[in-house]
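Student: Pasting the sequence and the predicted coordinates here, then a few questions.
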Amino acid sequence: MSVKQDFISPEQVYDVLIVGAGPVGLASAIALYRRGIKNILVIDRASEFRRVGQMVDLLPNGLKSLKYIDELAYLKVKEAGFEFRQPPNNPDDKNNAGEPEKPPQKRAWHHKNLQGNIIRSIPLDFETWFNRYGEGRVSLPWFDLQTTLRNLLPPEIVLANHRCVNVTEDSTGTQISCVCDNRAPATNPFAHWETHKTDAIEIDSTDNFTSDSIQKNFRAKLVVAADGINSTIRQALYKNSDLSQWAKPQYSDFSAIGCLQIDSVPDEIIQELESKYFQGDRIITLYQDPIKSDSQYLEQPRIILIRQSDNTLGYLLHAPLSLDSLPNKSAEEKIELAVNVLEKANFPLIFIRLVNLSNPENLFSRPYYIHPATISLDSKPVWSSGRVVLAGDAAHGMPPFAAQGVNQGFEDAASIATAIAKIINDNVLDDEKAIANAFNQYEQIRRPFMMKIQEATIKNHVWSQQQWEDYSEMVYSRNLQQASGNLV
């Protein structure tokens with residue numbers, strides 16, 4: 001199939017081209033733009049910026065990074081998070097206008113054993129986090145976060161419908177080849193927030209063009225690959241190299257099966273779950289009481305229960321499943337699989353009854369992937385090659401079990417934007433050695449820390465309250481500048 005060639009502004013050479021207009025790519029662009037580096041471009045494969053994704057928890061380390069990136073971005077994102085958590089206006093509030101405003105109720109996400117006893121608790125309010133770690137916690141939809149950040153950049157430098165298909169490099173710069181077309185947005189099988197029910201998923205390849213496809217080539221001195229865990233840029237860099245086995249993300253050995261809306265749940269199920277487990281909470285996580293943190297226990301399932309309304313519940317089951325367990329299975333077969341997982345792990349009958357009530361139309365499943373930060377290659381860099389550097393999930397994608405994906409991505413954005421700003425301000429964009437040194441320093445600082453974060457992501461469900469607090473102190477209380485070796 002022929003592809004139209006459309007070389008846009010062939011004389012234009014960007015200082016920085018960012019592939020990926022998710023929160024990490026946009027945060028990187030904002031950091032550069034606010035530091036006076038305006039010859040930049042952000043491209044994204046999405047045909048349009050649409051409401052996709054689930055909730056994002058921005059924790060103290062992410063908010064501290066965002067505040068360093070740009071004070072206005074920090075304030076706008078925090079404002080969007082506060083607005084999202086506020087309940088709709090109640091007409092009766094006018095009658096209570098003279099009464100003092102009640103402080104927001106402090107809530108916690110309790111992790112409990114199957115007897116209903118609390119193993120550990122995670123605060124959900126802004127103030128508790130702020131008082132402990134010097135910065136708070138806000139939650140908002142992924143799309144709202146993306147939109148808030150995108151609105152802080154000139155619209156002409158953020159382009160949708162530009163699917164990167166290749167990257168080539170020479171001594172003067174890098175060329176990114178993209179395809180623009182009118183196909184329906186593709187499901188991303190590696191994104192944990194995609195909840196489409198279809199299993200027939202095809203990954204776009206470099207030769208998957210349609211008759212009305214247009215190819216565009218962009219040139220840049222530097223490229224930041226923030227194009228997600230299934231990064232096209234990473235695949236191009238690792239192809240035909242010692243890193244080829246790591247080009248695609250690895251299966252984490254865990255998958256999710258969930259149904260976030262089960263209506264008309266019988267009263268007896270509601271009452272038993274409320275009296276023994278929810279106890280007034282809206283969301284809880286349940287699993288077998290950890291005995292020891294060995295490999296056998298790490299493979300135990302856990303279930304998140306969500307109280308949506310009076311007789312509506314939802315659940316999300318994280319289970320150790322083989323990668324071939326979910327594809328080409330009907331919703332009914334997946335419900336049966338979830339039930340078998342719970343029975344094998346000796347979950348009480350009440351959970352099995354709830355899962356059996358799942359609405360097949362609302363059921364979703366998702367394998368979780370990881371791009372390990374532990375890759376070793378004889379001291380050679382694995383997060384950069386020449387003028388191209390990886391950030392966010394492209395460098396270290398992982399399951400969402402510790403809510404650190406975007407937060408660590410913001411730490412990357414703060415670090416790499418600072419390094420790039422120094423390269424440009426020092427006028428060494430044509431000095432390949434200076435670029436390599438800057439990118440190597442970024443990796444040497446960030447990758448060892450990401451090894452700890454990924455390990456915590458996989459193992460934290462067996463932790464005690466004290467282990468969780470020690471981890472939180474390490475991640476959330478540290479000084480961003482010191483932690484980044486003065487790169488930030």
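Tutor: Now that the structure is in, tell me what you want to look at. Numbers count the residues shown, from 1 in each chain.
Student: Phi first, then psi, for residue 345.
Tutor: With angles defined as degrees, to the nearest 10, residue 345 sits at phi -90, psi 10.
Student: pLDDT value on residue 106, please?
Tutor: With respect to pLDDT, residue 106 scores 71.
Student: doesn't residue 131 make contact with it?
Tutor: No. Counting by Cβ atoms under 8 Å, residue 106 stays clear of residue 131, with 10.9 Å between them. Where you see a C-beta, it was placed from the backbone N, CA and C, and this is true even at glycine.
Student: Residue 39 and residue 177, how far apart?
Tutor: According to Cβ to Cβ, to the nearest Å, residue 39 and residue 177 sit 20 Å apart.
Student: same check, this time on residue 84
Tutor: 38 Å.
Student: Doesn't residue 375 lie inside a strand?
Tutor: No. In this structure, residue 375 is coil, not part of a strand, as judged by DSSP: H, G, I helix; E, B strand; the rest coil.
Student: what about it, neighbour count?
Tutor: Each residue near residue 375 was counted by other Cβ atoms under 10 Å, and the total is 16.
Student: Quick one: mean pLDDT for stretch 19-38?
Tutor: Computed over stretch 19-38, the mean pLDDT rounds to 97.
Student: Now find how far off-centre that stretch is within its chain.
Tutor: 17 Å (Cα atoms, centre = their mean, to the nearest Å).
Student: Ends of it, what's the gap?
Tutor: End-to-end distance of stretch 19-38: 16 Å, with Cα to Cα, to the nearest Å as the criterion.
Student: Mind listing what's buried along that stretch?
Tutor: Using 16 or more other Cβ atoms under 10 Å as the test for burial, stretch 19-38 gives 19-35, 37.
Student: So which of those residues sit within helices?
Tutor: 23, 24, 25, 26, 27, 28, 29, 30, 31, 32, 33, 34 (DSSP state H).
Student: Which strands or helices does the helix or strand harbouring residue 164 pack on?
Tutor: Element membership for residue 164 (DSSP states H and E) is strand 163-170. On a contact count with 3 or more Cβ pairs under 8 Å, 6 or more residues apart in numbering; DSSP states H and E, strand 163-170 meets strand 173-180, helix 232-238.
Student: Give me the distance from the next helix or strand after the first one to the chain's centre.
Tutor: Spelled out, it's strand 173-180. Elements were assigned by DSSP H and E; along the chain past strand 173-180, the next helix or strand is strand 214-225. The chain centre lies 24 Å from the centre of strand 214-225; the measure is Cα atoms, centre = their mean.
Student: May I see the buried residues of the lengthiest helix in the chain?
Tutor: With secondary structure taken from DSSP H, the chain has its longest helix at helix 432-459. Across helix 432-459, burial judged by 16+ other Cβ under 10 Å covers 435, 438-443, 445-447, 449-450, 453-454, 456-459.
Student: And for stretch 316-327?
Tutor: 316, 317, 318, 319, 321, 325, 326.
Student: roughly how far is that stretch from the heart of the chain?
Tutor: Offset of stretch 316-327 from its chain centre (Cα atoms, centre = their mean): 20 Å.
Student: Show me the residue sitting in the middle of this protein in space.
Tutor: With distances taken as Cα atoms, centre = their mean, residue 405 lies nearest the centre of the chain, 4.0 Å away.
Student: ok but residue 261 is inside a strand, no?
Tutor: Yes. Checked against three-state DSSP, residue 261 lies within a strand.
Student: Look up how far residue 51 lies from it.
Tutor: Distance of residue 261 to residue 51, computed by Cβ to Cβ: 17 Å.
Student: Neighbour count for those two, which is higher?
Tutor: Set residue 261 next to residue 51 and count neighbours by other Cβ under 10 Å: residue 261 wins out with 14 against 10.
Student: which residue packs closest to the more buried one, ignoring adjacent ones?
Tutor: Take residue 261 and drop its neighbours on the chain: the residue closest to it by Cβ to Cβ, 6 or more residues apart in numbering is residue 362, 5.1 Å away.
Student: Residues touching stretch 125-139, excluding its own?
Tutor: Residues outside stretch 125-139 that contact it (Cβ atoms under 8 Å, 6 or more residues apart in numbering) are 55-61, 63-64, 67, 77-78, 80-82, 84-85, 104-107, 123-124, 472, 476-477.
Student: Can you flag which of those belong to strands?
Tutor: Of the positions in the contacts of stretch 125-139, 55, 56, 57, 58, 123 sit in strands, assigned by DSSP state E.
Student: Filter the residues you listed down to the buried ones, ChimeraX style.
Tutor: Of those, the buried ones can be selected in ChimeraX as follows, counting by 16+ other Cβ under 10 Å:
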select :56,57,58,123
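Student: quick one: which two of the ones in strands among the contacts of stretch 125-139 are the most distant?
Tutor: Using Cβ to Cβ, the pair of the ones in strands among the contacts of stretch 125-139 lying farthest apart is 56 and 123, separated by 17.1 Å.
Student: Nearest to residue 144 among the ones in strands among the contacts of stretch 125-139?
Tutor: For the ones in strands among the contacts of stretch 125-139, the nearest to residue 144 is residue 56 (8.5 Å; Cβ to Cβ).
Student: Run through the bridge partners of the closest one.
Tutor: Per DSSP bridges, the residues bridged to residue 56 are residue 140.
Student: for it, what are its contacts?
Tutor: The contact partners of residue 56, taken as Cβ under 8 Å, 6+ apart, are 23, 139, 140, 141, 142, 145, 406.
Student: Which pLDDT value goes with residue 266?
Tutor: Per the predicted model, pLDDT is 97 at residue 266.
Student: Same check on residue 73?
Tutor: Looking at residue 73, its pLDDT reads 98.
Student: Could you tell me how far it is located from residue 56?
Tutor: Between residue 73 and residue 56 the computed distance is 14 Å (Cβ to Cβ).
Student: cool, residue 473 as well?
Tutor: Residue 473 is 23 Å from residue 56, by Cβ to Cβ.
Student: again with residue 449
Tutor: When distance is defined by Cβ to Cβ, residue 449 is 20 Å away from residue 56.
Student: can you count the residues close to the residue lying closest to residue 330 once chain neighbours are set aside?
Tutor: With Cβ to Cβ, 6+ apart as the criterion, residue 330 has its nearest non-adjacent residue at 7.7 Å, and that residue is residue 360. Counted by other Cβ under 10 Å, the residues lying close to residue 360 total 12.
Student: Is it correct that residue 360 is in contact with residue 329?
Tutor: No. Residue 360 lies out of contact with residue 329 (Cβ under 8 Å); the separation is 11.4 Å.
Student: hey, what's in contact with both of the two?
Tutor: Shared contacts of residue 360 and residue 329 (Cβ under 8 Å, 6+ apart): none.
Student: surely residue 396 meets residue 408?
Tutor: Yes. Using Cβ under 8 Å as the test, residue 396 is close enough to residue 408 to be in contact (6.9 Å).
Student: Show me whatever sits in contact with both of these two.
Tutor: Common contacts of residue 396 and residue 408 (Cβ under 8 Å, 6+ apart): 450, 453.
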